[in-house]
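>>> the amino acid sequence is not available; the structure is as follows:
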């Protein structure tokens, strides 16, 4: 892609998200969401592959449906209540419709079926943007809605955690596994959103750090399937040492950064006497941990059966410095070593 066009598209992505974050009116928020959607579509279809075109088409249809639902509900609420302020939604029906539209944009269960197919059809760079940056604007809008129906968020949150765990068990494509991982992590965030916005924001930040490190690592190793992970040690031995720790951080094991959000979410739910919710979420986390362990095993303890030792690729000609490779050390550090700084980070967010 032309670098000038790429700069324009990335600037439009940032502009759309900034417009949504700074808006207090539903029309401006909708406009920011649409700017971001239209900016990412050329990035999805840039490979000129049928699967990339299919992914861009599916993403456009899903996002357009969610945007139309959001705009319809916002205008009807303004007609009945006399205002279009995001923080003063009062009609329960239209508030629920807007919430479902935002959850459809996030790709949460049971409206998640588009997410794995879209991530599988795009490149790792675009998949990183869809899995991280495109989640920020809908999440901020959810934070601003004050009259969300609590059982709705609880049911969708638990369903997302369960489906995100079950869906990734039988996958061999790494992009689909990361898509189901995204669904599961966003389910945890949604589960605590109605009780602690600071904790939900912190969990989202940790999720962005961990997912960014994972996508950049896979891009660096040129791996898109589990079988390709078995030759990672011949291409990037240093990354092979830290990649299992990064995956275990995604699974939420101590003393890694991914442990802190899940631990605090379970603690908050227990203190609020939501014992069944915390129990279901904790047991469903084991499903996600199983395929993270599978990936870790493939990286460290497996050798590809399709390649003879003399045919293995021992050197990969990477660029000396790229934006992604420059961001990898920082993303890995935040993914692995942020646990001791958790109290200070929560204090800053609050």
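Happy to help now that I have it. Every value quoted in this text rests on a predicted model; they were computed, and no experiment measured them. Numbering: from 1, shown residues only.

>>> in stretch 44-63, which residues are buried?
Of the residues in stretch 44-63, those with enough neighbours to count as buried (16 or more other Cβ atoms under 10 Å) are 44-47, 52, 54-56, 58-60, 62-63. Backbone N, C-alpha and C define where each C-beta goes, glycine included.

>>> my error: substitute stretch 262-271 in the last question.
Counting neighbours by 16+ other Cβ under 10 Å, the buried set in stretch 262-271 is 262, 264-266, 268-269.

>>> same question for stretch 108-122.
108-109, 111-112, 114-122.

>>> may I ask which of the residues you listed comes out lowest in pLDDT?
In terms of pLDDT, the weakest of the buried residues of stretch 108-122 is residue 109, which scores 87.

>>> gap between it and residue 37?
Distance, residue 109 to residue 37, by Cβ to Cβ, to the nearest Å: 21 Å.

>>> any idea which element residue 273 lies in?
Taking DSSP states H and E as the definition, one finds residue 273 inside no helix or strand.

>>> residues near it, how many?
Counted with other Cβ atoms under 10 Å, the burial measure for residue 273 works out to 9 neighbours.

>>> any idea how far it is from residue 195?
From residue 273 over to residue 195 (counting by Cβ to Cβ), the distance is 11 Å.

>>> one more: residue 100?
Going from residue 100 to residue 195 by Cβ to Cβ gives 20 Å.

>>> now swap in residue 126 and tell me
As it turns out, when the distance is counted by Cβ to Cβ, residue 126 lies 34 Å from residue 195.

>>> between these two, which one's more packed in?
In this view residue 126 and residue 195 are compared by other Cβ under 10 Å, and residue 126 has more residues nearby, 24 against 17.

>>> helix, strand or coil for the more buried one?
Applying DSSP: H, G, I helix; E, B strand; the rest coil to residue 126 yields a three-state assignment of helix.

>>> residue 39 is in contact with that one, correct?
No. In this structure, residue 126 is not within contact of residue 39 by Cβ atoms under 8 Å, at 11.4 Å.

>>> for the stretch 1-150 of the chain, give me the ranges with low pLDDT.
Applying pLDDT under 70 to the stretch 1-150 of the chain flags no residue at all.

>>> now do the helices in it.
Taking DSSP state H, counting those that start in this stretch as the test, the helices found in the stretch 1-150 of the chain are 3-22, 26-44, 50-81, 92-106, 114-121, 124-131, 133-144, 150-167.
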